[in-house]
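**Q** below is the sequence, then the predicted model.
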Amino acid sequence: MSIFEIMGPAMIGPSSSHTAGAARIGRMARLLFADKIDRAVVKLHGSFADTAVGHGTDRAIIGGLLGFLPDDQRLRSSFELAKNKGMEFSLEEVKLREVHPNTAQIILYNKEKAKNLELVASSIGGGRIKVTEINGSTVELTGRMPTLWILHQDRPGEVGIITSILGSYKINIAFMQVYRNRKGDIGSCIIEMDDQPNQDVIKDLEKSEDIFQVRYLPRI
Amino acid sequence: MEYATIKELVSLAAAAETSIWQIVLQVEAEEEEVTESDVRKSMLTNLEVMKEAVDYGRQNNIQTGGGLVGDEALKLEKYFASTSEAEQNNIYNKIITYALATAEVNAGMGKIVAGPTAGASGIVPAVVLSIGEYNNLSDQKLVEALFTAAGLGYVVSKKATLAGAAGGCQAECGVGAAMAAGAAVELRGGSPQMAADAFAMALKNLLGLVCDPVAGLVEVPCVKRNAFAAAHAYTASTMALAGIESVIPADEVIMAMTEIGDQMPTCLKETSRGGLAVTPTALKIKADLQ
């Protein structure tokens, strides 16, 4: 751990969990979606719902969806900026089951590609976050290390192909999780690495026949 | 090189005949595999953010989420302007003004440096910047004091918690005051052991402090508490510089803080279900806000 986690981060107040963490959740959703966000539905649960306005949780999440970092002064005026940029959004309260008190459910839409993404993420203290669900699948994604999110065919040897490509580029895997909803369905793989992968690594992974999507998520 | 306790930090500094900040800087550079000059640069960026927050908070009436605070530093500035020169030069007055300024900027969605948390972000800058101005110290010296504060807080984070939700406000403003006290000692020329004593004395006196924010906002009692804790930190540093020692060593005070935090009821740990948060006035404020 770095001392800058104690004397830092520089951030927009008033709360590391309800403001900085909320901005990071929004930004993580944007990175996962990786397409223009035409519309966002943000649902707040628990303490996020109870104290959203006073803590700027709502503005911070929308700001994060616009790509702003937790120390960006524009977080304060994110509602107005979202309108200017043509991103529609709505905010509502929700009661989710068995989640952290500071949790948001976010649904993003892109009209052109008729595409959407749904995620559930929590702010777990000190500005740290955890994505716990993507499109209905349970995951655990923190953004503390460079991360790859890969969708692939669930079949024997597929995970081995992914890890050998990373190995061939001398990228060390720190943590790795593999999920699927059903056997033989689409598998979802989250890989946290010590090093940042370059474009060649991502291209090589994308070329592999049973890999459907490769998304790189930098440290947030 | 590494340190996990305040005692180790003091021993390392004493053995190398240097200050705590030097050890903290060196370990950070080693651990993160960057140069000391880069670490200094990052901390200088934090110092700039702190200065901007103080300047803004002193001069502006700030709109906050709950509207319960926002013009406290401004009121002090106006009040001091009408007082004697001796009063204006009193370092405590500077400290409390700067702490309020930063805490108000935080409450108003302004930019601050969380240290150890956003809610307690006014304490360390108030103490460090005030001592700096009072003694005409360079930014480099102030950056070094921030390393002292960060290193002391780092030990707490390894051993205990810095979250009000887990340990009450003693873990936020209490630790903030302790970090600031240690930094103040080094900034004022004291030894590593004196910094540890100041840390221990400041934290001891805020043990048991609960986190009971009105309407769940980082406004009441948080903003004014930053001013009290900052003055408190300076007092601890002065006592340590005079050779007053803490009977209970710093590491044991941290242990006591953890134990008290564990024993503290949940309603007094950032849930707004007890203490000030359930007073008739607080409940009315909460209802009005919703």
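**A** Thanks, I have the structure now.
**Q** residues from the stretch 101-250 of chain B in reach of chain A?
**A** Along the stretch 101-250 of chain B, the residues adjacent to chain A under the rule C-beta under 8 Å from any C-beta of the partner chain are B:105-119, B:121, B:124, B:146-147, B:149-151, B:153-154, B:157-158, B:162-163, B:165-166, B:215-219. For every residue, glycine as well, the C-beta is placed using N, CA and C.
**Q** any idea which element residue A:176 lies in?
**A** Residue A:176 is located in strand A:173-180, with elements delineated by DSSP states H and E.
**Q** neighbouring strands for that strand, and are they parallel or not?
**A** strand A:186-193 (antiparallel) (DSSP bridges).
**Q** run the chain-centre distance for the partner strand.
**A** Taking C-alpha atoms, centre = their mean, to the nearest Å, the mean C-alpha location of strand A:186-193 is offset from the chain mean by 13 Å.
**Q** how about the CA coordinates for it, as CSV?
**A** Provided in CSV are the C-alpha atoms of strand A:186-193 (Å, rounded to 0.1, in the frame of the first residue of the first chain):
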residue,chain,number,x,y,z
ILE,A,186,-20.4,-17.8,-22.7
GLY,A,187,-17.7,-17.7,-20.1
SER,A,188,-16.5,-14.5,-18.4
CYS,A,189,-13.0,-14.1,-17.3
ILE,A,190,-11.5,-11.3,-15.2
ILE,A,191,-7.8,-11.1,-15.0
GLU,A,192,-5.9,-8.6,-12.8
MET,A,193,-2.3,-8.1,-13.9
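**Q** neighbouring contacts of it?
**A** Contacts to strand A:186-193, defined as C-beta atoms under 8 Å, 6 or more residues apart in numbering or on different chains, come from residues A:134, A:137, A:139-142, A:144-154, A:158-159, A:162, A:166, A:171-180, A:212.
**Q** those residues, buried ones only, as a PyMOL selection?
**A** One line in PyMOL is enough to select the buried members of those, burial here meaning 16 or more other C-beta atoms under 10 Å in any protein chain shown:
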select buried, chain A and resi 134+139+141+142+145+146+147+148+149+150+151+152+154+158+159+162+166+171+173
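**Q** quick check: longest helix of chain A.
**A** Selection of the longest helix in chain A by residue count, based on DSSP state H, yields helix A:21-33.
**Q** and the next helix or strand past that one?
**A** Stepping forward along the backbone from helix A:21-33, the first helix or strand reached (DSSP H and E) is strand A:39-46.
**Q** how about that following strand: buried residues?
**A** By neighbour count, with 16+ other C-beta under 10 Å as the criterion, the buried positions of strand A:39-46 are A:40-46.
**Q** dihedrals phi and psi, the residue in the stretch 101-250 of chain B positioned nearest to chain A?
**A** Of the stretch 101-250 of chain B, the residue with the smallest distance to chain A, taken as C-beta to the nearest C-beta, is residue B:106 at 3.3 Å. As for residue B:106, its main-chain torsions (degrees, to the nearest 10) stand at phi -60, psi -50.
**Q** you'd agree residue B:39 is up against residue B:32?
**A** Yes: shown here, residue B:39 and residue B:32 form a contact pair, counting by C-beta atoms under 8 Å, at 7.4 Å.
**Q** those two - which one has more neighbours?
**A** Regarding residue B:39 and residue B:32, a neighbour count based on other C-beta atoms under 10 Å in any protein chain shown identifies residue B:39 as having more, with 23 against 15.
**Q** distance from the longest strand belonging to chain A to the middle of the chain?
**A** Ranked by number of residues, the top strand in chain A under DSSP state E is strand A:115-125. The chain centre lies 6 Å from the centre of strand A:115-125; the measure is C-alpha atoms, centre = their mean.
**Q** same question for stretch A:191-203.
**A** Between the mean C-alpha location of stretch A:191-203 and the chain-wide mean there is a distance of 17 Å, by C-alpha atoms, centre = their mean.
**Q** which residue is nearest the middle of chain A?
**A** By C-alpha atoms, centre = their mean, the mean C-alpha position of chain A lies nearest to residue A:28, the distance being 2.9 Å.
**Q** helices of chain A, residue ranges please.
**A** If DSSP H is used as the criterion, the helices of chain A fall at A:21-33, A:47-50, A:52-55, A:57-65, A:78-84, A:158-168, A:199-207.
**Q** closest to residue B:6 out of those?
**A** helix A:21-33 (28.9 Å; C-beta to C-beta).
**Q** now for the closest one, which elements pack on it?
**A** helix A:57-65, strand A:102-110, strand A:115-125, strand A:128-134, strand A:211-217 (3 or more C-beta pairs under 8 Å, 6 or more residues apart in numbering or on different chains; DSSP states H and E).
**Q** what angle do that helix and strand A:211-217 make?
**A** In terms of direction (axes from the mean of the first three to the mean of the last three C-alpha atoms, to 10 degrees), helix A:21-33 departs from strand A:211-217 by 150 degrees.
**Q** between strand A:115-125 and helix A:21-33, find me the angle.
**A** Using the same axes, to 10 degrees: helix A:21-33 against strand A:115-125 is 150 degrees.
**Q** what angle sits between helix A:21-33 and strand A:39-46?
**A** Interaxial angle of helix A:21-33 relative to strand A:39-46 (the same axes, to 10 degrees): 140 degrees.
**Q** and the pLDDT at the residue of chain A most remote from its centre?
**A** If you look at how far each residue of chain A sits from its centre, by C-alpha atoms, centre = their mean, the farthest one is residue A:156, at 27.8 Å. According to the model's per-residue confidence, residue A:156 sits at a pLDDT of 94.
**Q** tell me how far it lies from chain B.
**A** In this structure, residue A:156 and chain B are separated by 38 Å, where distance is defined by C-beta to the nearest C-beta, to the nearest Å.
**Q** and if you look at residue A:6?
**A** 4 Å.
**Q** Three-state assignment for the residue nearest to that residue when sequence neighbours are not counted, please.
**A** If the residues on either side of it in the chain are set aside, residue A:6 comes closest to residue B:153, at 4.0 Å by C-beta to C-beta, 6 or more residues apart in numbering or on different chains. Secondary structure assignment for residue B:153 (DSSP: H, G, I helix; E, B strand; the rest coil): helix.
**Q** show me the contacts for residue B:153.
**A** Residues touching residue B:153, when contacts are defined by C-beta under 8 Å, 6+ apart, comprise A:3, A:6-7, B:115-116, B:162, B:175, B:179.
**Q** make CSV from those residues and add neighbour count to it.
**A** As requested, those are arranged in CSV below (neighbours: other C-beta atoms under 10 Å in any protein chain shown):
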residue, neighbour count
A:3, 26
A:6, 24
A:7, 29
B:115, 31
B:116, 33
B:162, 25
B:175, 34
B:179, 33
